[in-house]
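In: Quick one, what's the 3D model for this:
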Amino acid sequence: QVQLVESGGGLVQAGGSLRLSCTASGRTFSSYTMGWFRQAPGKEREFVARISRLGINYTYYGDNVKGRFTISRDNAKNTVYLQMNSLKPEDTAVYYCATTLGLGGRDPAPYDTWGQGTQVTVSS
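Out: Numbers count the residues shown, from 1 in each chain. Got it, this is the predicted structure:
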């Protein structure tokens, strides 16, 4: 069974940067679409970004992060990254990575495996 482990969260000032990592085990990583979502207290889980499987690597971003965040993957390391620049206090949330065999998108439902999450806190 696949497992996803996120890392890289922390406390940063507004305008700063963080890079999140998500390492997968137990699957052919390159065959799966990888996504990042986030959830703030009292709010629904929100789509952040996703990157398609090997050979396509098509990226797609949520409107709130477009132009500031970049998703990438290293299939040799079974890892997907989320580079977050120009962070804002409203980016504060628990960030989750997830996988799907499908194309993936904004809806979290098709993603069948989730990590435990990593906290990102942006101070003003």
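In: Spatially central residue in the protein, please.
Out: Nearest to the mean C-alpha position of the chain, by C-alpha atoms, centre = their mean, lies residue 36 at 2.3 Å.
In: who does the host helix or strand of that residue pair up with?
Out: Residue 36 belongs to strand 33-39 when assigned by DSSP states H and E. Strand 33-39 has the following strand partners under DSSP bridges: strand 46-51 (antiparallel), strand 93-100 (antiparallel).
In: Would you check how far apart the residue of the chain most remote from its centre and residue 11 are?
Out: Ranked by distance from the centre of the chain (C-alpha atoms, centre = their mean), the top residue is residue 124, with 22.7 Å. Per C-beta to C-beta, to the nearest Å, residue 124 is found 12 Å from residue 11. Yep, even glycine has a C-beta here, placed from its N, CA and C like the rest.
In: Could I get the buried residue list for stretch 98-107?
Out: Residues of stretch 98-107 classed as buried: 98, 99, 100, 104 (neighbour count, 16 or more other C-beta atoms under 10 Å).
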